[in-house]
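Participant: Everything below, folded, please.
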Amino acid sequence: MSYNNLMRLDRLLANSGLGTRSKIRDRISHGIVQVNGTIVTDASFHVTENDSIIYDGQEINCQTKLYYLLDKPDGVLTAMEDKRLPCVADYIPSELMSKKLSPVGRLDYHTSGLLIITNDGELSHRLQSPKYEVPKVYLATYRGLEWKDSEIAAIASGFTIRDKGYSEDIAPAELKPAKPYEDGSLRALLTLHEGKTHEVRRIFAHFEKEVIALRRIELSGIKISEGLDECGTFRALTGSELNMLFNATGLN
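Facilitator: Model (predicted):
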């Protein structure tokens with residue numbers, strides 16, 4: 001938004017997900033809002049997204065485009081609405097539900113981990129496009145034999161899979177065996193640059209290994225914990241994390 005594009009203070013704060021306009025107007029009248037260092041009590045005061053706005057002691061990101069990270073738990077559908085199953089919308093604060101947010105791509109129902117939530121359609125498109133080869137790192141716990149060097153090399157060079165009755169090319173990927181859990185469960189890290197349906201599980205199955213738990217722990221340099229303690233966490237992306245996404249997709 002440019003400085004020529006003015007908006008009422010109450011409308012801009014409501015658009016930022018801080019509550020209804022009536023609630024915002026009441027809070028403004030009590031002197032808890034500062035614009036560029038000055039207390040403003042007039043809800044009709046005109047501002048832009050570029051102004052520095054403090055609401056109840058906290059700096060507010062008033063940008064129209066919003067960017068969040070959800071650490072999706074296992075057993076949650078990557079959808080904004082479902083009448084039968086838990087979905088990612090259940091983890092988004094109610095005041096943001098009018099912001100046209102949606103998940104970028106999909107994580108399987110039984111895959112946990114890093115999911116970007118945004119209303120920036122261009123960024124979403126680019127993150128999912130094979131053209132930009134955005135790296136995604138998955139931590140898989142699996143049953144089967146340990147990985148052979150020949151299998152790792154086959155994954156690195158790309159191969160053809162025929163698990164659906166027809167041939168399908170799997171793009172080159174990087175597999176690294178990881179330290180097993182204390183109970184002996186085998187683990188491996190797989191870095192993909194595309195997003196075919198059930199791709200990780202299909203790659204493992206092709207080499208006679210069964211994925212029993214799957215977690216996405218990194219996307220384009222943004223990392224989350226390998227553990228499950230933070231599942232369900234919903235937070236805004238940091239400036240450095242946004243820069244990683246923009247740089248990876250060629251956006252300013």
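Participant: Quick check: which helices or strands does the helix or strand containing Ile152 pack against?
Facilitator: According to DSSP states H and E, Ile152 maps onto helix 149-157. Packed against helix 149-157 by the contact rule (3 or more C-beta pairs under 8 Å, 6 or more residues apart in numbering; DSSP states H and E) you find strand 174-178. C-betas here are computed from N, CA, C, even on glycine.
Participant: which neighbours does the strand it packs on have in its sheet, and in what orientation?
Facilitator: Partner strands for strand 174-178, per DSSP bridges, with pairing direction: strand 186-192 (antiparallel).
Participant: distance between the helix or strand just after the partner strand and the chain's centre?
Facilitator: Scanning forward in sequence from strand 186-192 by DSSP H and E, the next helix or strand is helix 199-206. Relative to the chain's own centre, helix 199-206 is displaced by 23 Å; criterion: C-alpha atoms, centre = their mean, to the nearest Å.
Participant: same check, this time on stretch 77-95
Facilitator: The chain centre lies 14 Å from the centre of stretch 77-95; the measure is C-alpha atoms, centre = their mean.
Participant: So for that stretch, mean pLDDT?
Facilitator: Average pLDDT, stretch 77-95: 93.
Participant: what sits up against that stretch?
Facilitator: With contact meaning C-beta atoms under 8 Å, 6 or more residues apart in numbering, stretch 77-95 is reached by 17-19, 68, 70, 72, 75-76, 97, 101-103, 105-109, 115, 117, 232, 234.
Participant: among the helices and strands of this protein, which has the poorest mean pLDDT?
Facilitator: When each helix and strand of the chain is scored by mean pLDDT, DSSP states H and E, strand 58-59 comes last, with a mean of 80.
Participant: ok, of the contacts of stretch 77-95, which come out buried?
Facilitator: Buried members of the contacts of stretch 77-95, scored by 16 or more other C-beta atoms under 10 Å, are 17-19, 68, 70, 72, 76, 101-103, 107-108, 115, 117, 234.
Participant: Can you list which of the residues you listed are found in strands?
Facilitator: Tyr68, Leu70, Lys72, Ser102, Pro103, Leu115, Ile117, Phe234 (DSSP state E).
Participant: what's the spacing between the nearest residue to the fourth one once chain neighbours are set aside and Pro73?
Facilitator: Going back to what we said before, that points to Ser102. Leaving aside its sequence neighbours, Ser102 sits nearest to Met80 (C-beta to C-beta, 6 or more residues apart in numbering; 5.9 Å). Note on Met80: its distance to Pro73, by C-beta to C-beta, to the nearest Å, is 16 Å.
Participant: ditto for Arg126
Facilitator: Per C-beta to C-beta, Arg126 is found 27 Å from Pro73.
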